[in-house]
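Colleague: Below are the sequence and a predicted model; questions follow.
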Amino acid sequence: MPFLIRQTLVYAVPLMLVALAGVFAERSGIINLALEGIMIFGAFMGVLFVRFVQQWGWFQAAYDAKNYLALQGFCTLAILFAAACGAVFSLLLAFAAINLKADQTIGGTALNLLAPALVLFFIRILANQNTLNMYTGDAASWFMLKKAMFGYGRTQQMGFLGSTFVDKVYVATYICILVFVVMSVVLYKTRFGLRLRSCGENPQASASLGINVIKMRYAGTVLSGALAGMGGFVYVLTTANCSANGDVAGFGFLALAVMIFGNWKPLNICGAALLFGLFKCIAASYSTLDINGDGVYMLKNLNINTNIYRMLPYVITLVVLAFTSKSSRAPKAEGIPYDPGKR
Amino acid sequence: MKKESFWDKTATRSVLASLVAILTGMVAGGLIILIVGLTNPTLGIKGAWEGIRLVAAGLFSTGRGSAGELTFGFNPTSFGNMLFRAMPLVMTGLSVALGNKAGLFNIGAPGQFLAGTAASLSVALSVPTSVLPAWLIWILAFLAGMIAGACWGAIPGLLKAFLNINEVLACIMTNWIAANLVTWFFDVSNLKNALEGTKSGYIYKTSTILNDVVIDGVSSTVGAAVPEGAQMVATRGGVATGKMGLDALFGGSQINGGILVAILIAVVIYILLSKTTLGYQLKACGANRYAARYAGIRDKRNIVLTMALAGALSAAGAALYYLSGNTEFFWNTYQSLPSEGFNGIPVALLAINNPIGVIFSAVFMSMLQICGQKLTELTAYNEYITNVIIAVIVYLSAFMLVIKMWIGKLRSGKAVKK
């Protein structure tokens, strides 16, 4: 059980963060189809940052001295760097969609094509293979929390809460949850958030009240890029041992589905992401999943083909969308270029 | 009324805008190569210059000369391979273009491509040649692929028409479902290449001759050479697209008559879109679904039909590609979707959704792929730079209208000066 919850969180948290990224863009009126691409780019830049910093040896002393606080700081820096890079990358979409009034679907698709191409081009040149790994060591030994850090011995148990939420967990996951909460509050409880949302519903009315629609849409898209870049790096950090290979397995698109399923509202998104996280987790590790801890791998014993488990998250998405799309309410002005002369 | 001059025609401006996009993409790719070359001491300015020349003219590359310098000239193999690779791209490009004309963004081409692959490969490799002649099996396999693609494409269409699910999302989900289904399908099939031991993970080429035999009461499948004492049950395989003399023109390449089929289908789609009622209805739905419904056009039926047609086109591309007889299908597709499907998007956008234009933009796209291949073979750069170029072109095609306006302004500026 602790394993199931822990792994579900590992998949669900990046998903909800990236879905929130989609909300920020769409609430300001820009369809951000490029979430996948931004995730890939953010993941690559984050790994690159970790790699270079390790190469320069900045945190080697902290690692040798087992100064875990410093290492978590290093991890946070990498996350921030990935977020910044995601924000910069999303400027491409913002420029095309806002200044040039481009077709946002095509613009987003272009970024989705650009990110893996660029990333793989550089990975191949830097690493001479298709995967960029950390310079030394692995993600678990550098960034993962372990019970040994809290003075527990090899045989000592941490208890249910401890082994679920502390042992073998990345702090990055909690940073993402924190950012998710803060950004949700920003979107719903601040003046800035209200103004941003108004631009996605009726930008002309917002403009008549003195809101700078262009600025707000830029803010929405750039924040969206930052969140997606961050989500991308945390995803590869926690699931792919901090390595980038120009692919996040359709997570960006899954996040879009979660956003629509969650009806563009943070709390619903949180629930939807947990559901998908659970199915992703089952697909990834059903064969070694011991739900009630009796040593029996129940799902493996069901003898269902692996491909069915792999398909499940996508099938569930479609089924869920089929039931919810009638009642879903997208921001009214999303996807429509802002034209001040229009009423 | 004054006759419109050549430069003021919309068609001319569209072509010009596409050329601007292509040029910008190439320049962007060249710049990246230059920057990488300058920062990488092993490449240097010389390596960068070689890279840039290969990106621009890799089609004419004939390898390296005796002094290690790049040599250029007419390379029939590259030309033939370019046309061969353009074949599936024409089809997926048509698929996306048809969707765009009807206002549906068909990002589901990879899934439809996979559906077509699975259906046509299984028909081509399962029907015994003792029952039907090979050419008939080819046609059956081609049709089976198209039908499978049409069914798979219709799913997002139905979801869009009746449940109002965004077709982009539905397509992406069906893509991944198809990837897993196809893996599963071939996983349990007997079409995995067991004859060539080194080729694990691949399906038989359709041109492979397979003999189902019974040796000492045990049934098995062997290749063309049947061991003595074996009892023949059936012969399968040996299906391949006719070369139609094209291999003589482009020696050493993979080309076959499939490219002619693809061009023919493009012409058919052009006629369908511009000369028939159905085409008019599809375009009307694309322009404004609700206005079309008001005018008495059945919009839901048209959405489903468009997606089914688009699926059939993508799948036809897959059928043409894998029925060639010299291509192999790697069946562990659940990890990544076929790039032919996604490349249909830039092909269609670059052609501004014109079916005839799709032929040219597909050839251009496959030329870029050849350039990328040469780049990987001959320099320390790699083929992904061509994907960067394609992405830049797609990015620019998102605001084609703005580019067209700029071209228009340039014209009118000149007119005033006169």
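Modeller: Okay, I see it. Residues are numbered from 1 along each chain as shown, chains lettered A, B, ... in the order given.
Colleague: can you pull the contacts of residue 171?
Modeller: Just going to use chain A. Contacts for A:Val171 were tallied using CB atoms under 8 Å, 6 or more residues apart in numbering or on different chains; they are A:Gln72, A:Cys75, A:Thr76, A:Phe143, A:Leu145. Any C-beta I mention is one placed from the backbone N, CA and C, and that applies to glycine too.
Colleague: To clarify, I was referring to chain B.
Modeller: B:Phe105, B:Asn106, B:Ile107, B:Gly108, B:Gly111, B:Pro156.
Colleague: From the contacts of A:Val171, keep the buried residues only.
Modeller: When the contacts of A:Val171 are checked for burial by 16 or more other CB atoms under 10 Å in any protein chain shown, the buried set is A:Gln72, A:Cys75, A:Phe143, A:Leu145.
Colleague: Look up the closest residue to A:Ala70, ignoring the ones flanking it.
Modeller: Spatial nearest neighbour of A:Ala70, excluding adjacent residues (CB to CB, 6 or more residues apart in numbering or on different chains): A:Ala62 at 3.7 Å.
Colleague: what about that neighbour, neighbour count?
Modeller: When neighbours are counted by other CB atoms under 10 Å in any protein chain shown, A:Ala62 registers 17.
Colleague: Assess the claim that it and A:Cys75 are in contact.
Modeller: No - using CB atoms under 8 Å, A:Ala62 is not in contact with A:Cys75; the gap is 11.4 Å.
Colleague: still on that earlier bit, for the contacts of B:Cys171, give me TSV that also has secondary structure.
Modeller: Listed next are the contacts of B:Cys171 as TSV, based on DSSP: H, G, I helix; E, B strand; the rest coil:
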residue	secondary structure
B:Phe105	coil
B:Asn106	coil
B:Ile107	coil
B:Gly108	coil
B:Gly111	helix
B:Pro156	helix
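Colleague: And for A:Tyr297, the neighbour number?
Modeller: A:Tyr297: 14 neighbours (other CB under 10 Å).
Colleague: by contact count, what packs against the helix or strand containing A:Phe49?
Modeller: Using DSSP states H and E, A:Phe49 maps to helix A:35-56. With contacts taken as 3 or more CB pairs under 8 Å, 6 or more residues apart in numbering or on different chains; DSSP states H and E, helix A:35-56 sits against helix A:2-27, helix A:68-94, helix A:104-127, helix A:213-239, helix A:251-261.
Colleague: Who are the contact partners of B:Ile359?
Modeller: B:Ala86, B:Val90, B:Ala262, B:Ile263, B:Ala266.
Colleague: so which pair among these is furthest apart in space?
Modeller: B:Ala86 and B:Ala266 (10.9 Å; CB to CB).
Colleague: okay, which residue is most central for the chain?
Modeller: Picked chain A for this. A:Gly231 (2.5 Å; CA atoms, centre = their mean).
Colleague: Chain B, not that one
Modeller: Central residue of chain B (CA atoms, centre = their mean): B:Leu89, 2.1 Å from the mean position.
Colleague: quick one: pLDDT of the residue nearest to A:Ala70?
Modeller: We have a pLDDT of 81 for A:Ala62.
Colleague: Give me the distance from whichever strand or helix holds it to the chain's centre.
Modeller: Per DSSP H and E: A:Ala62 is located in helix A:60-64. Distance of helix A:60-64 from the chain centroid (CA atoms, centre = their mean, to the nearest Å) equals 29 Å.
Colleague: Show me what that helix is packed up against.
Modeller: For helix A:60-64, the contact count by 3+ CB pairs under 8 Å, 6+ apart identifies helix A:68-94 as packing neighbours.
Colleague: could you check the angle helix A:213-239 makes with the helix it packs on?
Modeller: Here helix A:68-94 points in a direction 140 degrees away from that of helix A:213-239 (axes from the mean of the first three to the mean of the last three CA atoms, to 10 degrees).
Colleague: For burial, what's the neighbour tally of the residue lying closest to A:Val50 once chain neighbours are set aside?
Modeller: Closest residue to A:Val50 apart from its sequence neighbours, by CB to CB, 6+ apart: A:Ala78 at 5.1 Å. Using other CB under 10 Å as the criterion, A:Ala78 is surrounded by 25 other residues.
Colleague: B:Leu16 belongs to a helix, doesn't it?
Modeller: Yes - under three-state DSSP, B:Leu16 falls within a helix.
Colleague: got a pLDDT number for the residue nearest to it when sequence neighbours are not counted?
Modeller: Take B:Leu16 and drop its neighbours on the chain: the residue closest to it by CB to CB, 6+ apart is B:Ile407, 5.4 Å away. Predicted confidence (pLDDT) for B:Ile407: 80.
Colleague: and if you look at A:Ile214?
Modeller: 92.
Colleague: Would you confirm that it contacts A:Lys101?
Modeller: No - using CB under 8 Å as the test, A:Ile214 is too far from A:Lys101 to be in contact (11.2 Å).
Colleague: hey, what's in contact with both of the two?
Modeller: Any residue near both A:Ile214 and A:Lys101 by CB under 8 Å, 6+ apart counts here, and that gives A:Tyr338.
Colleague: By mean pLDDT, which helix or strand of chain A comes out lowest?
Modeller: Lowest on mean pLDDT, DSSP states H and E among the helices and strands of chain A sits helix A:298-301, with a mean of 68.
Colleague: got the buried residues for the next helix-or-strand element following that one?
Modeller: Counting by DSSP H and E, the element after helix A:298-301 in chain order, helix or strand, is helix A:306-324. Using 16+ other CB under 10 Å as the test for burial, helix A:306-324 gives A:307, A:309-318, A:320-321, A:324.
Colleague: could you pull out the strands for chain B?
Modeller: Using DSSP state E, the strands of chain B run over B:61-64, B:70-72, B:209-215, B:218-222, B:231-237.
Colleague: Could you dump those strands into JSON lines and include mean neighbour count, distance to B:Arg53 and mean pLDDT?
Modeller: Converted to JSON lines, the strands of chain B look like this (neighbours: other CB atoms under 10 Å in any protein chain shown; distance: least, CB to CB, whole Å; pLDDT from 0 to 100):
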{"stretch": "strand B:61-64", "mean neighbour count": "15", "distance to B:Arg53": "8", "mean pLDDT": "80"}
{"stretch": "strand B:70-72", "mean neighbour count": "15", "distance to B:Arg53": "6", "mean pLDDT": "82"}
{"stretch": "strand B:209-215", "mean neighbour count": "17", "distance to B:Arg53": "44", "mean pLDDT": "82"}
{"stretch": "strand B:218-222", "mean neighbour count": "13", "distance to B:Arg53": "49", "mean pLDDT": "78"}
{"stretch": "strand B:231-237", "mean neighbour count": "17", "distance to B:Arg53": "43", "mean pLDDT": "80"}
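Colleague: Show me what the helix holding A:Ala62 is in contact with.
Modeller: Contacts of helix A:60-64 (CB under 8 Å, 6+ apart): A:Gln54, A:Asn67, A:Ala70, A:Leu71, A:Phe74, A:Gly137, A:Trp142.
Colleague: Flag every residue of the stretch 151-300 of chain B that's near chain A.
Modeller: Proximity of the stretch 151-300 of chain B to chain A, by CB under 8 Å from any CB of the partner chain, involves residues B:159, B:163-166, B:168-170, B:172-174, B:176-177, B:180-181, B:183-184, B:187.
Colleague: Which ChimeraX command selects the buried ones in those residues?
Modeller: To isolate the buried members of those in ChimeraX, using 16+ other CB under 10 Å:
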select /B:159,165,166,168,169,170,172,173,174,176,177,180,181,183,184
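Colleague: Minimum distance to chain B, which residue of the stretch 151-300 of chain A gives it?
Modeller: For the stretch 151-300 of chain A and chain B, the shortest gap (CB to the nearest CB) falls at A:Phe253, measuring 4.5 Å.
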